[in-house]
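*Asks:* 3D model of this:
(one chain, ligands or ions: 1)
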Amino acid sequence: MEMEWDDPLYRSTVALFEHTAEAMDLDVNIRRRLRHPDRAVIVTFPIRMDDGSVEIFHGYRVQHNNTRGPFKGGVRYALDVNLGETTALAMLMTVKCALMGIPFGGAKGGVRVDPTKLSRSELQRLTRRFTAEIINDIGPNFDIPAPDMGTTQQTMAWMMDTYSQNKGRAVPAVVTGKPISIGGSLLRNQATGRGVVYMVEDAAREVNLDLGKASAAVQGFGNVGGEAARRLHQLGVKVVGIGDVHGGIHAPDGIDIPLLDAHFASTGTILGFPGSEDIETSAILELPVDVLIPAATSGVIHEGNVARLRCRILAEGANGPVTAAADGVLRERGDIFVIPDVLANAGGVTVSYFEWVQSLQMFFWSADEIDQRLRQLMSRAFTEVHEVSRDRGVDMRTAAMMHGLARVAEAMKVRGLFP
Ligand code: NAD
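*Replies:* Numbering: from 1, shown residues only. So this is what the prediction gives:
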């Protein structure tokens, strides 16, 4: 593997592409092409900090494949952002968009920074300068960023404003996941977590699990994990464990999620929640539950802990939460129904697609319309992937990858090779 891309998530993702390509007998030229992104932009840029000092940051925008439509993918602010990880996430976006049948290619971006250590004004300067650095590499018909780990609606508003100031007119469709007041979509904020739970509902039917009597654990209490926990609680699922970057909480009788929201809002942490016990965040993954949702970061389920997983359904809210080695063990175990990331967390990009269409048309849909269309597209994808899994005798992850890659390959073949 060429050293510039090397990273654990990239290695894992290429291994998954290879495994899938083998299983579906993918055209060898397409297989070789998809190992690398079309383009990768690396920028370094200075930001004046509040104390007057100047810091240099590294930023990335990786565009993997745009055969089926404009590049699309989130922007991540985290300390472990690098070229290889960003590339792997862009590769997964290509498959995810194809799998969902939405007309986008795959991209991803990020800045290597701990956003919790920056003030609001430092974050604003960082976002605007990063946007300015990649301004010729994004656009409403070219590459459309969205929020991911460490970025929010506000980040998207600053990106949209920087892009629009540069063009001299409002260009809302350049980003998705922006606030409603500037053309954002209803439900975009909730879409990923809600979609994860729609997939859990579909999987529960397959394994004859009554969610009204089920228990769950969620790692991550941000955009995805928080909303997934809220929806599960509304469905009557007993959420017994929640973890975030600082630690986890465990309550065998169930956590009242609205009360936890209030506790988090007033204390800034989930820890110390009345009626629960503080535990290690990694212990959340090993709780005996019906539904486990990793919704934080990648690589958390690995060779060291995969044998200790005690769930019936594993719904991957996060991107790449299972390493390639652990995935092999899950396939051998065969006792856990895995809803792979490209399917489980596709609600985000699906409502991003709805937001993009609304932004281009300046015509906005009701929350009910969006929710119905989200559920329809996600359940359609679930059924298709489950059929591939049954018909071809492969696990759900391989099936999802096969289904997505087959669509990308078909589009590449019909467009042909330029020149
Ligand atoms: P977020 O920043 O809103 O929340 C991240 C959460 O994970 C926080 O609770 C944080 O404390 C926790 N966390 C971070 N590092 C951790 C660690 N090492 N151990 C335990 N917990 C940790 O991010 P998000 O938008 O909810 O994204 C979470 C995951 O979902 C990411 O993998 C992201 O790529 C994926 N995802 C997000 C979206 C979206 O629409 N936001 C869409 C698809 C996939």
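
*Asks:* any idea of the mean pLDDT in the strand or helix carrying residue 239?
*Replies:* Using DSSP states H and E, residue 239 falls within strand 238-244. Regarding strand 238-244, the rounded mean pLDDT is 97.

*Asks:* for that strand, which positions count as buried?
*Replies:* Across strand 238-244, burial judged by 16 or more other C-beta atoms under 10 Å covers 238-244. (Glycine included, C-beta is placed from N, CA and C.)

*Asks:* Close to the ligand as well: tell me which of those residues qualify.
*Replies:* Here is what survives when these are matched to the ligand using C-beta under 6 Å from any ligand atom: 243-244.

*Asks:* What is the three-state secondary structure of residue 185?
*Replies:* Here residue 185 is recorded as coil under DSSP: H, G, I helix; E, B strand; the rest coil.

*Asks:* Now do it, the pLDDT please.
*Replies:* The model's pLDDT for residue 185 equals 97.

*Asks:* Could you check how far it is from residue 145?
*Replies:* 15 Å (C-beta to C-beta, to the nearest Å).

*Asks:* Could you do residue 8 as well?
*Replies:* For residue 8, the distance to residue 145 equals 24 Å [C-beta to C-beta].

*Asks:* Residue 336 now?
*Replies:* 33 Å.

*Asks:* Next: residue 136.
*Replies:* Distance of residue 136 to residue 145, given as C-beta to C-beta: 14 Å.

*Asks:* What count of nearby residues applies to residue 18?
*Replies:* The local packing of residue 18 (other C-beta atoms under 10 Å) involves 14 other residues.

*Asks:* which ones are touching it?
*Replies:* Residue 18 makes contact with residue 31 under the criterion C-beta atoms under 8 Å, 6 or more residues apart in numbering.

*Asks:* which SSE is it in?
*Replies:* helix 8-24.

*Asks:* Between residue 185 and residue 145, which is the more surrounded one?
*Replies:* The residue with more neighbours, out of residue 185 and residue 145, is residue 145; 29 against 24, by other C-beta under 10 Å.

*Asks:* So what's the residue count around the closest residue to the ligand within the stretch 101-250 of the chain?
*Replies:* At 1.8 Å from the ligand, residue 222 is the closest residue in the stretch 101-250 of the chain, using C-beta to the nearest ligand atom. Residue 222 sits with 17 neighbouring residues when counted by other C-beta under 10 Å.

*Asks:* hang on, isn't it packed against residue 244?
*Replies:* Yes - using C-beta atoms under 8 Å, residue 222 is in contact with residue 244, at 7.5 Å.

*Asks:* list residues touching both of those two?
*Replies:* Common neighbours of residue 222 and residue 244 (C-beta under 8 Å, 6+ apart) are residue 296.

*Asks:* follow-up on the earlier one: alpha carbons only: can I get the helix holding residue 18 in PDB?
*Replies:* Extracted C-alpha coordinates of helix 8-24, given in PDB (Å, rounded to 0.1, in the frame of the first residue of the first chain):
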ATOM      1  CA  PRO A   8      -5.700   1.900  10.200                       C
ATOM      2  CA  LEU A   9      -9.100   2.900   8.900                       C
ATOM      3  CA  TYR A  10      -7.800   3.100   5.300                       C
ATOM      4  CA  ARG A  11      -6.200  -0.300   5.600                       C
ATOM      5  CA  SER A  12      -9.500  -1.700   7.000                       C
ATOM      6  CA  THR A  13     -11.600  -0.100   4.300                       C
ATOM      7  CA  VAL A  14      -9.300  -1.300   1.500                       C
ATOM      8  CA  ALA A  15      -9.500  -4.800   3.000                       C
ATOM      9  CA  LEU A  16     -13.300  -4.500   3.000                       C
ATOM     10  CA  PHE A  17     -13.300  -3.300  -0.700                       C
ATOM     11  CA  GLU A  18     -11.000  -6.200  -1.600                       C
ATOM     12  CA  HIS A  19     -13.100  -8.700   0.200                       C
ATOM     13  CA  THR A  20     -16.200  -7.400  -1.500                       C
ATOM     14  CA  ALA A  21     -14.600  -7.200  -4.900                       C
ATOM     15  CA  GLU A  22     -13.600 -10.800  -4.600                       C
ATOM     16  CA  ALA A  23     -17.100 -11.900  -3.400                       C
ATOM     17  CA  MET A  24     -18.800 -10.100  -6.400                       C
END
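
*Asks:* buried residues in the helix or strand just after it?
*Replies:* Remark: after helix 8-24, the chain's next helix or strand is helix 28-33, criterion DSSP H and E. For helix 28-33, the neighbour count (16+ other C-beta under 10 Å) marks 30-31, 33 as buried.

*Asks:* Let me see the ranges of the helices in the stretch 151-300 of the chain.
*Replies:* Per DSSP state H, counting those that start in this stretch, the stretch 151-300 of the chain has helices spanning 153-167, 188-206, 223-234, 257-267. These are given in chain order.

*Asks:* Rebuild those helices as JSON lines, extending it with distance to residue 131, mean neighbour count and mean pLDDT.
*Replies:* Below are the helices of the stretch 151-300 of the chain laid out as JSON lines (distance: least, C-beta to C-beta, whole Å; neighbours: other C-beta atoms under 10 Å; pLDDT from 0 to 100):
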{"stretch": "helix 153-167", "distance to residue 131": "4", "mean neighbour count": "19", "mean pLDDT": "98"}
{"stretch": "helix 188-206", "distance to residue 131": "19", "mean neighbour count": "23", "mean pLDDT": "97"}
{"stretch": "helix 223-234", "distance to residue 131": "20", "mean neighbour count": "23", "mean pLDDT": "97"}
{"stretch": "helix 257-267", "distance to residue 131": "30", "mean neighbour count": "14", "mean pLDDT": "98"}
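
*Asks:* Out of these, the one nearest residue 418 is which?
*Replies:* Nearest to residue 418 among the helices of the stretch 151-300 of the chain is helix 153-167 (28.2 Å), distances taken as C-beta to C-beta.

*Asks:* For the chain, give the strand that spans the most residues.
*Replies:* In the chain, assigned by DSSP state E, the strand with the most residues is strand 54-65.

*Asks:* Please write out the alpha-carbon positions of the helix or strand following that one in CSV.
*Replies:* The helix or strand immediately downstream of strand 54-65 is strand 71-78, counting by DSSP H and E. Taking C-alpha atoms only, strand 71-78 is exported to CSV below (Å, rounded to 0.1, in the frame of the first residue of the first chain):
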residue,chain,number,x,y,z
PHE,A,71,-19.0,14.7,-4.4
LYS,A,72,-20.7,14.6,-1.0
GLY,A,73,-19.3,14.2,2.5
GLY,A,74,-18.9,15.5,6.0
VAL,A,75,-16.2,17.7,7.5
ARG,A,76,-14.6,16.4,10.7
TYR,A,77,-12.8,18.3,13.4
ALA,A,78,-10.7,15.9,15.5
